[in-house]
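Participant: Got a sequence here, can you model it:
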Amino acid sequence: MKLEYVRLLSIQRDLYRIPRGPERFQEYLRTMLDPVTRDLRLPLGAMNPMAKHHVPQFLDMLESLGAEEAGARATQEASASLAAEPGAYRVGLVVADDVAGGWTHRAAAELSHRRGESTLARRGWITGLLWASERYGPAEIREEALTSIFRISHVAKRGAARTLRGLLIQEGNAMRMAGARNPVLEPHLLVRSREILRPLLDRDDDATLIAALFGDAAARDLGHAPLGLPPRAGLAVALHGRLETRPRPYRGDPTDHANS
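Facilitator: Model prediction:
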């Protein structure tokens, strides 16, 4: 797999230098879309073009800690490990505004992202999303870039995940390959979450997927029924747990076992 890193964060920051209003929005469209075909030129759909001052400040913070350099190093690292796989992609980081305004709901947008964003992948793009509500260092930026790349590799080999089971397997594999450590749950919550999720593994509706992956609060925000799960429980199970328990080997008398 051939991977090329594209510095998208500086493009986003330049757009925010334009005063908030129609001029900025039109420049955003001109930047994102090809002027002739109107097809996607840059993968900035997750960006909030009308964001207030907190997003430019967030981008300045990312620049100060070397976010683009971290993304570029992660891309080189993934390219080396995936060298034998087919395909060619450009990789970039995009800031998603989940702090203010109605442009982005975190759970809905993140579900689309974790499904593999087939529209972007078909156009040869892989994006890592950096959420304006989060705090990042180079390690977290590297992890997001790597997870996004390994996700697309998984989808290319196995097809897009549809069910909760498929998503948990896909995300667990991608996060582990990226060296992720979070999200994490206390052991008793991890076991309880797995028991709640186990009967739902073959479901594919958005309401179940959002509640399962991101927890009750995210489900309620979007009008979905809660499942009794803490935040990001499904992702924690995918990363650190097993979807189904292992059968315990029988250690008693074979005759008793056969008659039990």
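Participant: all contacts plus neighbour counts: C-alpha atoms, from now on.
Facilitator: Will do.
Participant: I'd assumed residue 232 was in contact with residue 213.
Facilitator: Yes: under the criterion of Cα atoms under 8 Å, residue 213 makes contact with residue 232 at 5.4 Å.
Participant: Spell out the residue ranges of the strands in the stretch 101-250 of the chain.
Facilitator: Along the stretch 101-250 of the chain, the segments classed as strands by DSSP state E, counting those that start in this stretch run 125-131.
Participant: Mind jotting down where the helices sit in it?
Facilitator: Counting by DSSP state H, counting those that start in this stretch, the stretch 101-250 of the chain forms helices over residues 106-114, 118-122, 138-158, 164-177, 187-197, 206-214, 216-221, 233-240, given from the N-terminal end onward.
Participant: So, low pLDDT: which residues of this structure?
Facilitator: When the per-residue scores of the chain are filtered using pLDDT under 70, the ranges that remain are 101-104, 244-260.
Participant: So in it, which strand runs the longest?
Facilitator: Residue-count comparison of every strand in the chain, with assignments taken from DSSP state E, identifies strand 88-96 as the longest.
Participant: mind exporting that strand as CSV, just the C-alpha atoms?
Facilitator: Taking C-alpha atoms only, strand 88-96 is exported to CSV below (Å, rounded to 0.1, in the frame of the first residue of the first chain):
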residue,chain,number,x,y,z
ALA,A,88,-2.6,3.9,-2.9
TYR,A,89,-4.0,6.6,-0.6
ARG,A,90,-3.3,10.2,0.5
VAL,A,91,-3.5,10.6,4.3
GLY,A,92,-4.4,13.8,6.1
LEU,A,93,-5.7,15.1,9.5
VAL,A,94,-9.0,17.0,9.8
VAL,A,95,-10.3,18.8,12.8
ALA,A,96,-14.0,18.0,13.7
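Participant: Let the chain start at 719 from now.
Facilitator: Happy to do that; since the first residue is 719 now, the last one works out to strand 806-814.
Participant: in its sheet, what does it sit against?
Facilitator: Based on DSSP bridges, the pairing partners of strand 806-814 within the sheet are strand 720-723 (parallel), strand 843-849 (parallel).
Participant: Against residue 864, how distant is the most centrally placed residue in the chain?
Facilitator: Closest to where the C-alpha atoms of the chain average out (Cα atoms, centre = their mean) is residue 832, at 4.3 Å. With distances taken as Cα to Cα, to the nearest Å, residue 832 is found 13 Å from residue 864.
Participant: Which neighbours do those two have in common?
Facilitator: Contact criterion Cα atoms under 8 Å, 6 or more residues apart in numbering; no residue bridges residue 832 and residue 864 by contacting each.
Participant: And for the longest strand of the chain, what's in contact with it?
Facilitator: 719-727, 730, 762, 764-766, 773, 777, 786, 789, 793, 822, 839, 842-850, 863, 867.
Participant: Now, of those residues, which are buried?
Facilitator: Of all the contacts of strand 806-814 considered here, the ones buried according to neighbour count by 16 or more other Cα atoms under 10 Å are 720-727, 730, 762, 764-766, 773, 777, 786, 789, 793, 822, 839, 843-850, 863, 867.
Participant: What count of nearby residues applies to the residue lying closest to residue 826 once chain neighbours are set aside?
Facilitator: In this structure, residue 826 finds its nearest non-sequential neighbour in residue 928, 7.2 Å apart by Cα to Cα, 6 or more residues apart in numbering. Summarising burial for residue 928: neighbours were counted as other Cα atoms under 10 Å, giving 26.
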